[in-house]
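Undergrad: build me a model from this:
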Amino acid sequence: MYDSSDEYKEITQCYQVETSRGSVETPPTLMILNARIRNERTKDYDPITLFLDCGSQTSFITKLAAERLGLPIYNHESFTVITFGGQKNTEQSGSAKATLKDLLNKPLNIILHTKSTLTTLHRIPPLTKEDRSFVCSRGIDPSTIVSNKTTQADILIGIDYFWDIVSQEQSICLPSGLVLTHTRFGPVISGTPFFQRPAISEKPPDNTSPNGMKKSNDFETSTSFESQTTPIPPSTMKRTRRGLF
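TA: I've put the predicted structure just below:
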């Protein structure tokens, strides 16, 4: 989606500058999609809402969802989460084993930490007329994309399972500026229409940020709650992750 890592860094910095000025009217759309999960009480597969967050090192499930699904909880211990902005939140947490089933009815076994709340209510915008026409031209049914609703995630998928869900297929930039990413549970939209604006009012300085600090290539990502940074494109994250091993 980006010609080079330098271009991505420049675009991201421009977005952060515009955000600090209040020029970005809408918050980014998070990667939220629907899936199916095994209910240990009924042995059926129930619908569940996932939030894909490559900025989180660990995957979580709400305590309410774990109880509803009858998931056995083990390894109860105190767990500290560093949320977006560096704030620490400590609470009692346990581990739960869960099984998701994808569109091909293939299971994905995951281990999740329990947490009281994963995200605030999040508004997913509707697909524009141009977006709908575009995805239809690519053979994608718009009704399979979560859009035009306010929702709250039951499960947060961190980087530990992120690449078990996101497919190898290249992400697509929609006419609105949102990004469509392919997953084993179906397509998901994310990002912000900011990048579809005709022009950015002013290029950020080469050596300083809006606060007069030296330029940094380290961009914060969320580990919980709403993220206000630009979503990292899967192709970039994949290269980064591979470089760690």
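Undergrad: could you pull out the strands in the chain for me?
TA: Secondary structure of the chain (DSSP state E): strands located at 31-38, 45-52, 60-62, 73-82, 88-101, 107-115, 122-124, 149-151, 155-157, 172-173, 179-181, 188-190.
Undergrad: which residues touch the last one?
TA: Applying CB atoms under 8 Å, 6 or more residues apart in numbering, the contact partners of strand 188-190 are 28-33, 52, 124, 127, 145-147, 174, 178-181, 231. Placement of C-beta: from N, CA and C, glycine included.
Undergrad: again, only this time at 10 Å
TA: With contacts defined as CB atoms under 10 Å, 6 or more residues apart in numbering, strand 188-190 is touched by 28-34, 50-52, 124-125, 127, 131, 135, 144-147, 165-166, 171-172, 174, 176, 178-182, 227, 230-231, 233-234.
Undergrad: just the buried ones among those residues, please.
TA: In the contacts of strand 188-190, burial by neighbour count holds for 28-33, 50-52, 124-125, 127, 131, 135, 145-147, 165-166, 171-172, 174, 176, 178-182, 227, 230-231, 233-234, counting by 16 or more other CB atoms under 10 Å.
Undergrad: on that earlier part again, could the strands of the chain go into TSV alongside mean pLDDT and distance to Gly139?
TA: Formatted as TSV, the strands of the chain follow (pLDDT from 0 to 100; distance: least, CB to CB, whole Å):
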stretch	mean pLDDT	distance to Gly139
strand 31-38	96	18
strand 45-52	96	22
strand 60-62	96	33
strand 73-82	83	39
strand 88-101	90	23
strand 107-115	96	24
strand 122-124	89	22
strand 149-151	90	24
strand 155-157	97	26
strand 172-173	92	12
strand 179-181	94	12
strand 188-190	94	16
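Undergrad: so Asp46 touches Thr99, yeah?
TA: No: contact criterion CB atoms under 10 Å: Asp46 and Thr99 do not qualify, at 11.3 Å.
Undergrad: list residues touching both of the two?
TA: Counting by CB under 10 Å, 6+ apart, the residues touching both Asp46 and Thr99 are Arg36, Ile37, Arg38, Asn39.
Undergrad: from Ile73, how far out is the first one?
TA: Just to be clear, that refers to Arg36. As judged by CB to CB, to the nearest Å, Arg36 and Ile73 stand 21 Å apart.
Undergrad: show me the helices in this structure, by range?
TA: Using DSSP state H, the helices of the chain run over 5-20, 63-68, 129-137, 159-165, 234-243.
Undergrad: now do Leu127 against Ser167, distance only.
TA: Distance from Leu127 to Ser167, by CB to CB: 20 Å.
Undergrad: to clarify, my last question referred to Gly177.
TA: Here the criterion is CB to CB. By it, Gly177 lies 22 Å from Ser167.
Undergrad: contact partners for Lys88?
TA: The contact partners of Lys88, taken as CB under 10 Å, 6+ apart, are Thr80, Val81, Ile82.
Undergrad: with the residues you listed in mind, which one is nearest to Thr120?
TA: Of all those, Thr120 sits closest to Val81, with 14.8 Å by CB to CB.
Undergrad: thank you kindly, that will do.
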